[in-house]
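Colleague: Pasted the sequence and its predicted model underneath.
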Amino acid sequence: MRIVCLHNPDFVATFRKLGHTVLSIGTTPDCDVHLAEPLSCKRFVELLRSKSFLPDLILWHDACQPPWVFGFHTLPSVTIGFSVDQYMNPWHIPYSAAFDAQFVAQKDYLPLFAQSPTGRPAAWMPLFCNASRDRDPGVARDIPVSFVGTIESPANPERKPFLDAFRANAPLFATTGRYAPIFARSQLVLNQSAAGELNYRLFQAMACGAAVLTEQAENGLADLFTPGQDLLTYRRGDAAQAAAVARTALADPERLAALAASGKRKTLARHTVVSRARQILDLAVTLAASGAPSRRRAALARVEQELRKAYAILATDEGLPLMLGERKFYLEMAGK
């Protein structure tokens, strides 16, 4: 299969290992085509033609960025979207009209994607680990509790106060940067989300062999893991309770190690980038066989009406961290 990956390149290496030909297009240097400006429909088609690359599948994988590649919804390729942070990006909902199928990472938000001008399906597909990077090297676990991530973020203002309050009642090593070496040395990884979502850290920490202490979240957490068996939980925002759970867990190393092992087994068996890639590829085959691209193209006027709604949200939603020039750009794309 010939695959174009837009924005997020996380699936690129896996698709290639599975025998597929991939062209990645995005704003990061590791993409095959590194964008310095938005790519119009005309230039996107010219790019594909210059590379003699007629894709069977175009995958848009949310990278916490506004869209920079346009017009792919007009092509006869299968199109699939994967929305990761829909809880903070309402534009993802109308934008999903561009796809023949939509995957949603947060289960509770799936009903918002149910309606589509083409009747395209939407399904829950949780996040995952990358077992080639997120692994347990078997070194000594000399860090009792760790947190690795953005500590001060406008998108998550509650994080730093929570971490500070936790540290006042339990040991905590909090840092930014590379997480895998820290998680590999941690007995327990503290996870805190922006909006009760199931984030990447949940799966990454388990794959690295650490026990996880995360929020009592919805979004399918109990469908994936059993609290008390695969992970530990605390009430969202309750740093005192989280610290108490951590202290109790650290006082029983054998039980903590058993819990970590259970979470690791389940994650590596069910929640890896390979398993998610196979799910995407299987769906692409089904969509092609059912004529999904033709249905989308027959409804282009309604699809483009939805896309204009997405661009209008990008232009006007003050909660989105966009520059004035970007907002003007999307206002023009919305036809305003």
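Modeller: Happy to help now that I have it.
Colleague: helix, strand or coil for Gly325?
Modeller: Three-state call for Gly325 (DSSP: H, G, I helix; E, B strand; the rest coil): helix.
Colleague: Quick one: neighbours of it, just the number.
Modeller: When neighbours are counted by other Cβ atoms under 10 Å, Gly325 registers 7. C-beta: built from backbone N, CA, C; applies to glycine.
Colleague: again, but for Lys107
Modeller: Look at Lys107: counted by other Cβ under 10 Å, it has 19 neighbours.
Colleague: I'd like the distance between it and Pro181.
Modeller: In this structure, Lys107 and Pro181 are 31 Å apart, going by Cβ to Cβ, to the nearest Å.
Colleague: contacting residues around Pro76?
Modeller: Pro76 makes contact with Pro293, Ser294, Arg297, according to Cβ atoms under 8 Å, 6 or more residues apart in numbering.
Colleague: Just the buried subset of these, please.
Modeller: Buried residues within these, counting neighbours by 16 or more other Cβ atoms under 10 Å: Pro293.
Colleague: Secondary structure and distance to Val4 for the contacts of Pro76 - can I get that in JSON lines?
Modeller: What follows is the contacts of Pro76, written out as JSON lines (DSSP: H, G, I helix; E, B strand; the rest coil; distance: Cβ to Cβ, whole Å):
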{"residue": "Pro293", "secondary structure": "helix", "distance to Val4": "14"}
{"residue": "Ser294", "secondary structure": "helix", "distance to Val4": "19"}
{"residue": "Arg297", "secondary structure": "helix", "distance to Val4": "17"}
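Colleague: need the helices for the stretch 1-150 of the chain, in chain order.
Modeller: Per DSSP state H, counting those that start in this stretch, the stretch 1-150 of the chain carries helices over the ranges 12-17, 41-50, 92-95.
Colleague: Name the surrounding residues that touch the second one.
Modeller: Just to be clear, that refers to helix 41-50. With contacts defined as Cβ under 8 Å, 6+ apart, helix 41-50 is touched by 4, 23, 25, 33, 39, 54-55, 69-72, 74-75.
Colleague: how about the strands in the stretch 201-336 of the chain?
Modeller: Assigned strands in the stretch 201-336 of the chain, in chain order: 211-215, 232-234 (criterion: DSSP state E, counting those that start in this stretch).
Colleague: Which strands and helices lie in contact with the shortest one?
Modeller: Meaning strand 232-234. Counting contacts by 3 or more Cβ pairs under 8 Å, 6 or more residues apart in numbering; DSSP states H and E, strand 232-234 packs against strand 211-215, helix 239-250.
Colleague: returning to that earlier point: determine which stretch of the helices of the stretch 1-150 of the chain is the most buried.
Modeller: When the helices of the stretch 1-150 of the chain are scored by mean count of other Cβ atoms under 10 Å, the highest mean neighbour count falls to helix 92-95 (a mean of 24).
Colleague: contact partners of that helix?
Modeller: Helix 92-95 has contacts (Cβ under 8 Å, 6+ apart) with 62, 67, 81, 83, 85-86, 112-113, 306-307, 309-310, 313.
Colleague: Contact partners for the spatially most central residue of the chain?
Modeller: Centroid check for the chain by Cα atoms, centre = their mean gives Val84 as the closest residue, at 3.6 Å. With contact taken as Cβ under 8 Å, 6+ apart, Val84 is in contact with Asn8, His61, Asp62, Ala63, Cys64, Ala105, Leu127.
Colleague: ok, and the most crowded of these?
Modeller: That'd be Ala105 among the contacts of Val84, by other Cβ under 10 Å, with 24 neighbours.
Colleague: There's contact between it and Met125 in this structure, I believe.
Modeller: Yes - the pair Ala105 / Met125 is scored as a contact, 6.5 Å apart, by Cβ atoms under 8 Å.
Colleague: okay, and the common contacts of the two?
Modeller: Jointly contacting Ala105 and Met125 under the rule Cβ under 8 Å, 6+ apart are Phe82.
Colleague: returning to what we had before: for the contacts of helix 41-50, which one is nearest Gln204?
Modeller: Ile25 (25.5 Å; Cβ to Cβ).
Colleague: so what's that closest one closest to, chain neighbours aside?
Modeller: Closest residue to Ile25 apart from its sequence neighbours, by Cβ to Cβ, 6 or more residues apart in numbering: Val33 at 4.4 Å.
Colleague: Which residues lie in contact with the one you found in this structure?
Modeller: Applying Cβ under 8 Å, 6+ apart, we find Val33 in contact with Leu23, Ser24, Ile25, Gly26, Leu47.
Colleague: Now do the contacts for the second one.
Modeller: Okay, so that is Ser24. Counted by Cβ under 8 Å, 6+ apart, Ser24 has contacts Val4, Cys5, Pro9, Val12, Asp30, Cys31, Asp32, Val33.
Colleague: Can you read off the backbone torsions of the closest residue to His61 other than its chain neighbours?
Modeller: Excluding the flanking residues, the one nearest His61 by Cβ to Cβ, 6+ apart is Asn8, at 3.7 Å. Dihedral pair for Asn8: phi -90, psi 120, per degrees, to the nearest 10.
Colleague: any idea how far Asn8 is from Gly291?
Modeller: For Asn8, the distance to Gly291 - Cβ to Cβ - is 28 Å.
Colleague: and if you look at Arg270?
Modeller: From Arg270 across to Gly291, the span is 31 Å (Cβ to Cβ).
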